[in-house]
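> Pasting the sequence and the predicted model now:
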Amino acid sequence: MLFLGTHTPKLDAKGRMFLPAKFRGKLEDGLVITRGQDRSLVIYPQAEFERLVAQWQQTPTSNKAVRDYQRVFLSGASDERPDSQGRLTIPQVLRDYAGLRTECTVIGAGERVEVWDTERWTTYLAASEAAFAEQSEEVVPGLM
């Protein structure tokens, strides 16, 4: 499953937003939304989230960094199903974490979808685009 592109839905007073039409079919069977990096939210199709968690179960919980990451990531996780109109309700705790107000930016990020407050996304992108354009070494060895 591959999610691509940038979309700008609005968040309504009840914390709902329309999922981009091109993402809906991939998420209609269920999804998990949780905290992401950089104060964004991440959305995974249910099956992809379960695969990710199964991989984590193989990691040693004796490692404090693993425990800490899992706690923050999983404690905010909410399994959801878009309604018949393609709207997703974002729980208040996640809206607070990401600073979501009305203006949202939803990006396809490969196997996941990210949800950003538009102002935060604009700031992040402005700060990151120059480094992206000037990258002269492989970011992922053997790939790019």
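Sure thing, it's come through.

> separation between residue 94 and residue 80?
Residue 94 sits 10 Å away from residue 80, going by CB to CB, to the nearest Å. No exception for glycine: its C-beta is placed from N, CA and C like everyone else's.

> just residue 109 next, same as before
Residue 109 sits 18 Å away from residue 80 when distances are taken as CB to CB.

> And for residue 106?
Between residue 106 and residue 80 the distance is 14 Å, computed by CB to CB.

> More neighbours: those two, which one.
With other CB atoms under 10 Å as the criterion, residue 106 and residue 80 differ in neighbour count, and residue 106 comes out ahead with 26 against 17.

> where does that one fall, phi/psi-wise?
The phi and psi torsions at residue 106 (degrees, to the nearest 10) take the values phi -120, psi 120.

> again with residue 73
Here is the backbone geometry of residue 73 (degrees, to the nearest 10): phi -60, psi -50.

> if I read this right, it contacts residue 32, doesn't it?
No - Residue 73 lies out of contact with residue 32 (CB atoms under 8 Å); the separation is 10.3 Å.

> neighbour-wise, which of those two wins?
In this view residue 73 and residue 32 are compared by other CB under 10 Å, and residue 32 has more residues nearby, 22 against 17.

> So the residue sitting nearest the centre point of the chain, which state does it fall into?
Note on the chain: the residue nearest the mean C-alpha position is residue 42, at 1.5 Å, using CA atoms, centre = their mean. Under the three-state scheme (DSSP: H, G, I helix; E, B strand; the rest coil), the conformation of residue 42 reads as strand.

> Look at it and report its pLDDT.
Model confidence at residue 42, expressed as pLDDT, equals 98.

> OK, contacts around the closest residue to it other than its chain neighbours?
Sequence neighbours aside, residue 36 is the residue nearest to residue 42 in space, at 3.8 Å (criterion: CB to CB, 6 or more residues apart in numbering). With CB atoms under 8 Å, 6 or more residues apart in numbering as the criterion, the residues that contact residue 36 are 42, 98, 114.

> Right, I'll leave it there.
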